[in-house]
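**Student:** Everything below, folded, please.
(one chain, ligands or ions: 1)
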Amino acid sequence: MANKPILHYFNGRGRMESIRWLLAAAGVEFEEQFFETKEELQKLKATVLLFQQVPMVEIDGMKLVQCRAILHYIAEKHSLLGKDLKERTLIIMYSEGTMELMELLMIYSVLTGEEQKQKLDEITNKTKNRYFPAYEKVLKTHGQNFLVGNQMSLADVQLIETILMVEEVIPDALSGFPLLQAFKTRMSNIPTIKKFLAPGSKRKPVADAKSLENIRKIFS
Ligand SMILES: N[C@@H](CCC(=O)N[C@@H](CS)C(=O)NCC(=O)O)C(=O)O
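**Tutor:** Residues are numbered from 1 along each chain as shown. Modelled structure (predicted):
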């Protein structure tokens, strides 16, 4: 049996969480090696990180960096990247939209005070007026269960991850988006995803003040 992928990152969400989500949705077991100090990260930078950045994933004899490349590799390998060039391009297009929204949420999580309030206004506005209407429209236009090709893809996995992240800061974010509400229920009941959402999985919680402080130290 092939070795399990090994994920190298800190013990938190960041840019690795979508990779955890995708592997889990594909039903792939993985291992994690966390760095906990600046020194441990420096050691990785000096030895294995091509651009001195994480996430890094050891998979199929490669040490992959750049989260989009990693996501696309895993998606393609597990038939989550469409059946032809058009589907693949739509999947990547939708996935890029979710990544923009997730990026805003990642920035929000490290801000404090007035800066955080302003970022939340921006997130609320873009969620309700830009991103969620777009995905609602896609689902409405073709009337299918998934965003592309009537089967689960990278885009769907990233969309459910994003919906749950948004709801952590805007609990009523899905009100007014009935198709996205149904999508959330459907996706959450897919067995591999249900397992990942259950307690004890490798899904990471929202960072608390102590872990944020440690992450700041690691990357300072
Ligand atoms: N384009 C890269 C960006 C990766 C990135 O910025 N990683 C951060 C942590 S999430 C990092 O390693 N920062 C350390 C540094 O740049 O020195 C990707 O998508 O993977």
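**Student:** all contacts plus neighbour counts: C-alpha atoms, from now on.
**Tutor:** Fine.
**Student:** Around the ligand, which positions in this protein sit nearby?
**Tutor:** The chain comes close to the ligand at residues 14-15, 52-55, 65-68, as judged by CA under 6 Å from any ligand atom.
**Student:** Which ones among those lie within strands?
**Tutor:** V65 (DSSP state E).
**Student:** Could I get the residues of the chain next to the ligand in CSV, plus columns for pLDDT, distance to D84 and neighbour count?
**Tutor:** Converted to CSV, the residues of the chain next to the ligand look like this (pLDDT from 0 to 100; distance: CA to CA, whole Å; neighbours: other CA atoms under 10 Å):
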residue, pLDDT, distance to D84, neighbour count
G14, 96, 31, 21
R15, 97, 27, 18
Q52, 98, 34, 16
Q53, 98, 32, 15
V54, 98, 30, 22
P55, 98, 28, 20
V65, 98, 25, 20
Q66, 98, 24, 15
C67, 98, 22, 18
R68, 98, 19, 16
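**Student:** chain center to the helix or strand of the chain with the lowest mean pLDDT: distance?
**Tutor:** Every helix and strand in the chain was compared by mean pLDDT, DSSP states H and E; the lowest is helix 209-219, with a mean of 94. Taking CA atoms, centre = their mean, to the nearest Å, the mean C-alpha location of helix 209-219 is offset from the chain mean by 20 Å.
**Student:** Give me the contact list for it.
**Tutor:** By CA atoms under 8 Å, 6 or more residues apart in numbering, the residues outside helix 209-219 that reach it are 10, 36-39, 41, 110.
**Student:** Looking at these, which two lie furthest apart in space?
**Tutor:** E39 and V110 (21.6 Å; CA to CA).
**Student:** who's more crowded, those two?
**Tutor:** V110 (15 against 11; other CA atoms under 10 Å).
**Student:** residues touching that one, list them.
**Tutor:** By CA under 8 Å, 6+ apart, the contact list for V110 reads L212.
**Student:** Could you do L49 as well?
**Tutor:** Residues in contact with L49 (CA under 8 Å, 6+ apart) are 56, 65.
**Student:** same check, this time on T124
**Tutor:** 170, 173.
**Student:** And it, how far from L179?
**Tutor:** 19 Å (CA to CA, to the nearest Å).
**Student:** Okay, angle between the biggest helix by length in the chain and helix 209-219 too, please.
**Tutor:** Secondary structure of the chain per DSSP state H: the longest helix is helix 85-110. On the basis of axes from the mean of the first three to the mean of the last three CA atoms, to 10 degrees, helix 85-110 is oriented at 110 degrees to helix 209-219.
**Student:** Could you identify the helix or strand that succeeds helix 85-110?
**Tutor:** Using DSSP states H and E, the next helix or strand after helix 85-110 towards the C-terminus is helix 113-126.
**Student:** How about that next one, which residues are buried there?
**Tutor:** For helix 113-126, burial by neighbour count (16 or more other CA atoms under 10 Å) applies to 119-120, 123-124.
**Student:** repeat for stretch 127-142
**Tutor:** For stretch 127-142, by 16+ other CA under 10 Å, it's 127-128, 131-133, 135-136, 138-139.
**Student:** what about L81, how many neighbours?
**Tutor:** 27.
**Student:** Could you say which helix or strand holds it?
**Tutor:** Following DSSP H and E, there is no helix or strand that holds L81.
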